[in-house]
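Student: Compute the structure for the input listed below.
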Amino acid sequence: MTSGPVLVGVDGSTTSMAAVEAAAREAARRGVELRLAHACAWPAARVAPGVLPWDPDGLGSCRSVNGALTEAERRARSVAPGVRVTRTVLMGEPAAVLETESHRASLTVVGSRPASRSGGGRRGSVASRLAVHGGSPVLMVRAAAVPAGPVVLACDDGHVGRQAAEFAFGEAADRVADVVVLNGFAVRNGRPGHDPHDPLAVLRERYPDVTVHRPRVRGGTRRAVIEASVFAQLIVIGTRCRGGWTAALPAAVGRAALRHAGCPVAVIPEQREDR
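Tutor: Below is the predicted model of the structure:
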């Protein structure tokens, strides 16, 4: 786990504030700083001399930004009073600037918005971009989650990654929740496969109070993850990094979870390890 700050995007929306609270808890768990980031796109019209480039209409936009950041800081301190909180205003398209900032973060947290009626702006589009091109694990938060559900750990190639498993077990321990492992390849006939590199064995010893379930997956991992998200607190997706952070997010499971899951989703890239 790196010592960089937990970065969270702030835009004043309901899901943004839910993301701030989740990010504050993650920062407290890691013992790191919480960084509140608001992105301002460059205005299309020319800006008069002496006017702030993100506020071409005067002080209205500036006050709106400060108001959103002030409320975000209040929310953060209400759930994690001991966490150090910093603010930043970034110029550029939100996904692009968060992508850049994520390379200095230990975790990047964003809120999710529903798709527009015109079909654009799919849920999870910013999180999907960050998961593919960003420099840290990504947590996408929705406004509501089942408070007593399990933490679901999923992958779609039969490999349960160490970083994703550690994240899932850490979250489960903090939430006093069970871990449900959905792995369409490693579970056969209801029985877990025998992988000598399976990180779950070590984590079971480290977290003896966390109960682990490995149900048989029917109909594919993608479908199982979406169905599990109805009763889960959190979905954790492990992705294989083949060639660094630019590796593609698994289409079948990762993208489906970010777009359709009914609870928060964490995407944890796995660095290549020599065995």
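Student: switch to C-alpha atoms for all contacts and neighbour counts from now on
Tutor: Fine.
Student: low-scoring stretches of this protein, by residue?
Tutor: Along the chain, segments meeting pLDDT under 70 span 1-2, 42-63, 113-124, 143-146, 156-159, 184-197, 240-252, 271-275.
Student: quick one, strands of it?
Tutor: Counting by DSSP state E, one finds strands in the chain at the ranges 6-9, 34-40, 85-91, 107-111, 138-141, 151-155, 179-183, 187-188, 191-192, 212-213, 234-240, 265-270.
Student: From residue 207, how far out is residue 110?
Tutor: 28 Å (Cα to Cα, to the nearest Å).
Student: Correction: the previous question concerned residue 18.
Tutor: Residue 18 is 28 Å from residue 207, by Cα to Cα.
Student: now do residue 160
Tutor: Going from residue 160 to residue 207 by Cα to Cα gives 17 Å.
Student: For those two, work out which one has more neighbours and name it.
Tutor: For residue 160 and residue 207, the more surrounded residue by other Cα atoms under 10 Å is residue 160, and the numbers stand at 26 against 14.
Student: and that one, what is it in contact with?
Tutor: 154, 183, 198, 199, 238 (Cα atoms under 8 Å, 6 or more residues apart in numbering).
Student: Dump these into CSV; add neighbour count as well.
Tutor: Shown next, in CSV, are the contacts of residue 160 (neighbours: other Cα atoms under 10 Å):
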residue, neighbour count
154, 31
183, 27
198, 15
199, 17
238, 30
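Student: Please name the bridge partners of the residue most central in space within the chain.
Tutor: Geometric centre of the chain, nearest residue: residue 139, 0.7 Å, by Cα atoms, centre = their mean. Beta bridges link residue 139 to residue 109, residue 266, judged by DSSP bridges.
Student: Contacts only, for it.
Tutor: Counted by Cα under 8 Å, 6+ apart, residue 139 has contacts 107, 108, 109, 110, 127, 264, 265, 266, 267.
Student: What of residue 32?
Tutor: 3, 4, 5, 6, 83, 84.
Student: go on, residue 135?
Tutor: 99, 100, 102, 103, 104, 105, 245.
Student: and what of residue 172?
Tutor: Counted by Cα under 8 Å, 6+ apart, residue 172 has contacts 150, 151, 178, 179, 210.
Student: Tabulate those in TSV, adding columns for distance to residue 70 and neighbour count.
Tutor: Converted to TSV, the contacts of residue 172 look like this (distance: Cα to Cα, whole Å; neighbours: other Cα atoms under 10 Å):
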residue	distance to residue 70	neighbour count
150	33	26
151	31	29
178	35	22
179	36	25
210	37	19
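Student: Of these, just say which sits nearest to residue 253.
Tutor: residue 151 (15.9 Å; Cα to Cα).
Student: contacting residues around that closest one?
Tutor: By Cα under 8 Å, 6+ apart, the neighbours of residue 151 are 168, 171, 172, 177, 178, 179, 180, 232, 233, 234, 235, 236.
Student: Let's have the residues you listed in JSON lines, adding distance to residue 76.
Tutor: Converted to JSON lines, these look like this (distance: Cα to Cα, whole Å):
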{"residue": "168", "distance to residue 76": "22"}
{"residue": "171", "distance to residue 76": "18"}
{"residue": "172", "distance to residue 76": "21"}
{"residue": "177", "distance to residue 76": "23"}
{"residue": "178", "distance to residue 76": "26"}
{"residue": "179", "distance to residue 76": "27"}
{"residue": "180", "distance to residue 76": "29"}
{"residue": "232", "distance to residue 76": "23"}
{"residue": "233", "distance to residue 76": "20"}
{"residue": "234", "distance to residue 76": "20"}
{"residue": "235", "distance to residue 76": "22"}
{"residue": "236", "distance to residue 76": "23"}
